[in-house]
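Peer 1: generate a structure from the sequence data that follows.
(2 chains)
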Amino acid sequence: AQSVTQPDIHITVSEGASLELRCNYSYGATPYLFWYVQSPGQGLQLLLKYFSGDTLVQGIKGFEAEFKRSQSSFNLRKPSVHWSDAAEYFCAVGAYGNEKLTFGTGTRLTIIP
Amino acid sequence: ETGVTQSPTHLIKTRGQQVTLRCSSQSGHNTVSWYQQALGQGPQFIFQYYREEENGRGNFPPRFSGLQFPNYSSELNVNALELDDSALYLCASSSPSAYNEQFFGPGTRLTVL
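Peer 2: Down below sits the predicted model:
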């Protein structure tokens, strides 16, 4: 069975500081990995995805993530956060031929001035 | 290009009632997935529809049922509502060739009293 762990429930970062959100997954086959962002009361917006190839993927809003197979991780990073980045971030895993996405419990990001 | 839309935005029901939620998929997508997101949790996969047939189901009881129509829009029906059914219900559409990349609608907030 596939699973995703986001060990940080809540992270607070100063505006302009760097950010790293952690994600660990468990899946027997080659995973497809995603990061989504959710603002309060809203749906999910796809930030970036990894299917294969280059393990460093670039997404929207200046985010990037690195797939590390040996660590079963797919951490999200941003070099300098903006106040508008405050939201809930979800990591998800899927796979070819597997219809569902499995999500982590999310990390809530707070930005302080 | 029209994104995923859902209706209604909010809904209040009482325990034991039945509810129908609706979703229109993004243009060009023929697959629709439904997720339940309880407060403070990540989305949980309910089921997926592909070409009007159920194509996978998560760990939800039979009182959760769905339909997909020839235009690929979809309905989620929940019978005999329970208090724990209170959640944000998210619809996502995808194309089978898109490595399970799913695009989410804004959700329907269901409150069961």
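Peer 1: around residue 71, count how many other residues there are.
Peer 2: In the absence of a named chain, this looks at chain A. 10 (other C-beta atoms under 10 Å in any protein chain shown). For every residue, glycine as well, the C-beta is placed using N, CA and C.
Peer 1: wrong chain, I was asking about chain B
Peer 2: B:Asn71: 9 neighbours (other C-beta under 10 Å).
Peer 1: mind listing the strands the longest strand along chain A pairs with, and their directions?
Peer 2: Longest strand in chain A by number of residues, with DSSP state E as the criterion: strand A:87-95. Partner strands for strand A:87-95, per DSSP bridges, with pairing direction: strand A:32-38 (antiparallel), strand A:98-103 (antiparallel), strand A:107-112 (antiparallel).
Peer 1: and chain A, which of its residues are near chain B?
Peer 2: A:4, A:32, A:34, A:36, A:41-46, A:49, A:51, A:90, A:92, A:94-96, A:98-106 (C-beta under 8 Å from any C-beta of the partner chain).
Peer 1: so B:Phe47 makes contact with B:Gln36?
Peer 2: No. The criterion here is C-beta atoms under 8 Å, and B:Phe47 misses it with B:Gln36 at 10.5 Å.
Peer 1: shared neighbours, the two?
Peer 2: Common contacts of B:Phe47 and B:Gln36 (C-beta atoms under 8 Å, 6 or more residues apart in numbering or on different chains): B:Phe60.
Peer 1: may I have the longest strand of chain A exported as CSV, CA atoms only?
Peer 2: Extracted C-alpha coordinates of strand A:87-95, given in CSV (Å, rounded to 0.1, in the frame of the first residue of the first chain):
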residue,chain,number,x,y,z
ALA,A,87,-1.1,28.1,3.0
GLU,A,88,-1.4,24.3,3.5
TYR,A,89,1.0,22.2,1.5
PHE,A,90,0.2,18.6,0.6
CYS,A,91,2.6,15.9,-0.8
ALA,A,92,0.9,13.1,-2.8
VAL,A,93,2.0,9.9,-4.4
GLY,A,94,0.5,8.0,-7.4
ALA,A,95,1.7,5.6,-10.0
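Peer 1: so what touches that strand?
Peer 2: For strand A:87-95, the surrounding residues in contact (C-beta under 8 Å, 6+ apart) are A:2-4, A:6, A:21, A:23, A:25, A:27, A:29-40, A:44, A:47, A:74, A:76, A:100-104, A:106-109, B:42-43, B:99-100.
Peer 1: nearest residue to the middle of chain B?
Peer 2: B:Trp34 (3.2 Å; C-alpha atoms, centre = their mean).
Peer 1: wait, I meant chain A
Peer 2: Taking C-alpha atoms, centre = their mean, the centroid of chain A lies closest to A:Trp35, which sits 3.5 Å from it.
Peer 1: surely it touches A:Tyr50?
Peer 2: No. Applying C-beta under 8 Å as the test, A:Trp35 and A:Tyr50 come out as separate, 9.1 Å apart.
Peer 1: what touches both of these two?
Peer 2: A:Ala65, A:Phe74.
Peer 1: low pLDDT regions in chain B?
Peer 2: Applying pLDDT under 70 to chain B flags residues B:1, B:97-99.
Peer 1: that one against chain A: which residues are in contact?
Peer 2: Going by C-beta under 8 Å from any C-beta, the residues of chain B near chain A are B:4, B:31, B:33, B:35, B:40-45, B:48, B:50, B:55-56, B:58, B:90, B:92, B:99-107, B:109.
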